[in-house]
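**Q** everything below, folded, please.
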Amino acid sequence: MILDHFPDNTIKLGSVSYLYFGGTAYLGMATHSGFKENLVIALKKWGTFYGSSRNSNVKLGIFNRFEDYFARFIGADKVLSVSSGTLAGKLVVDYFGDRNYRFFHFPKTHPAIVAPKSTPVVVAGKLDKELLSDKAEKIVITADAIESGMVNPTNFDILKNINPKKQITLLLDESHAIGVLGKNGSGIFSSLDLQNVNNIVVASSLSKAFSLSGGIIGGSCEFIDTLKEQSTFTSSSPANAAYLEAFLQSENFYREQRKKLFKNLTYIKNNLDNKSVTFNKNYPVLYFDDDAIFDKLADADIIISRFKYPTYKKTMNRIVITANHTRKDLNKLLNVLNS
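**A** Next comes the predicted model:
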């Protein structure tokens with residue numbers, strides 16, 4: 001399906017209008033009039049794009065302002081902004097890979113943070129035996145804050161069983177958590193209390209709930225300062241300055257939209273009767289495996305997200321609730337799911 005307009009809560013193809021429950025614009029900011037006005041103002045201030053290296057002698061002040069704010073927001077010592085979430089993941093993976101860290105990954109971890117020779121944390125339902133060995137080594141464990149296909153934050157209790165001789169860095173992808181989960185949408189990073197994990201690094205896209213072009217990396221001051229000197233960062237274009245400015249000027253809009261989103265999620269919780277649909281009132285995605293449900297939704301002119309990652313065995317069916325869905329939209333969806 002090829003569109004010539006942004007898919008908000010509706011999609012129009014010719015004379016036919018469809019309800020749309022897909023994408024990742026959880027807060028509905030991409031079409032928010034106030035945010036777009038702030039973006040226009042920011043574009044006039046910063047231009048459409050400034051592609052110079054962040055390490056150039058001429059620097060834009062917006063990057064430091066945004067990064068200082070975002071570090072406080074997610075509870076990190078320091079944050080670095082980059083042009084995409086994928087680049088954020090690559091920078092961190094390459095950094096530790098170049099220093100001969102050994103990589104392990106949780107199930108369904110986003111490909112952007114899975115190193116080429118990474119080993120699954122869990123094999124045949126048990127912690128990989130290499131993680132139990134008494135060999136002293138530096139390891140990186142990569143995971144999504146919420147695994148794809150799941151509706152609850154990833155449980156890291158299994159990490160407690162790793163041999164204490166391992167020096168553990170956890171690389172956490174918060175792309176689908178930031179903006180939704182945590183205090184004011186700050187994600188789960190600041191809430192993690194993992195006693196045997198020596199270091200936690202966050203890598204995240206800003207394009208999901210926040211509808212921004214760019215990504216961030218969060219971690220210790222020393223780590224972030226070292227990343228700034230890496231050749232990949234030095235040679236890459238930065239995030240779009242205008243979007244970062246618009247974000248800083250739109251705090252109230254984000255707060256209001258998040259309230260609307262959770263009001264919609266509460267309504268779904270109180271009215272969804274279909275037990276074959278996986279849902280959590282604190283997360284705006286519903287999952288199901290039954291293709292008959294997909295067909296019923298399509299027959300009712302409801303379009304959802306449906307795709308397959310190269311590393312996944314099954315096609316994923318995602319019903320995405322956003323702040324922009326109306327009560328009428330939700331009722332139509334619920335009528336189909338409950339029938």
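
**Q** buried ones in stretch 269-284?
**A** Leu272, Val277, Thr278, Phe279, Tyr283, Pro284 (16 or more other C-beta atoms under 10 Å). For glycine as for every other residue, the C-beta is placed from the backbone atoms N, C-alpha and C.

**Q** wait, I meant stretch 131-140
**A** Neighbour-count burial for stretch 131-140 flags Leu131, Ile139, Val140 (criterion: 16+ other C-beta under 10 Å).

**Q** tell me what the last one is bridged to.
**A** Yep, that's Val140 we're talking about. Beta-bridge pairing for Val140 (DSSP bridges): Phe103, Thr169.

**Q** touching, it and Lys117? I think so.
**A** No - taking contacts as C-beta atoms under 8 Å, Val140 lies outside contact range of Lys117: 11.5 Å.

**Q** so what sits against both of those two?
**A** Shared contacts of Val140 and Lys117 (C-beta atoms under 8 Å, 6 or more residues apart in numbering): Phe103.

**Q** can you show me the helices along this protein?
**A** Taking DSSP state H as the test, the helices found in the chain are 33-46, 61-74, 85-98, 129-132, 221-227, 231-234, 241-248, 251-271, 291-299, 327-338.

**Q** using CSV, write out every CA atom in the second one.
**A** Written as CSV, here are the backbone C-alpha positions of helix 61-74 (Å, rounded to 0.1, in the frame of the first residue of the first chain):
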residue,chain,number,x,y,z
GLY,A,61,24.2,25.2,20.5
ILE,A,62,20.9,23.3,20.2
PHE,A,63,22.7,19.9,20.4
ASN,A,64,24.1,20.6,23.9
ARG,A,65,20.8,22.0,25.1
PHE,A,66,18.8,19.0,23.8
GLU,A,67,21.3,16.5,25.2
ASP,A,68,21.5,18.1,28.6
TYR,A,69,17.7,18.1,28.8
PHE,A,70,17.4,14.5,27.6
ALA,A,71,20.0,13.2,30.0
ARG,A,72,17.9,14.7,32.9
PHE,A,73,14.7,13.3,31.3
ILE,A,74,15.9,9.7,31.1
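
**Q** and among the helices of the chain, the most buried is which?
**A** Using mean count of other C-beta atoms under 10 Å, the stretch among the helices of the chain with the largest mean neighbour count is helix 241-248, at a mean of 23.

**Q** I'd like to know which elements that one is packed against.
**A** In this structure, helix 241-248 makes packing contacts with helix 33-46, helix 61-74, judged by 3 or more C-beta pairs under 8 Å, 6 or more residues apart in numbering; DSSP states H and E.

**Q** list the contacts for Ile188?
**A** Taking C-beta under 8 Å, 6+ apart as the test, what Ile188 contacts is Ala145, Pro153, Leu172, Glu174, Ala177, Leu181, Gly182.

**Q** thank you, goodbye.
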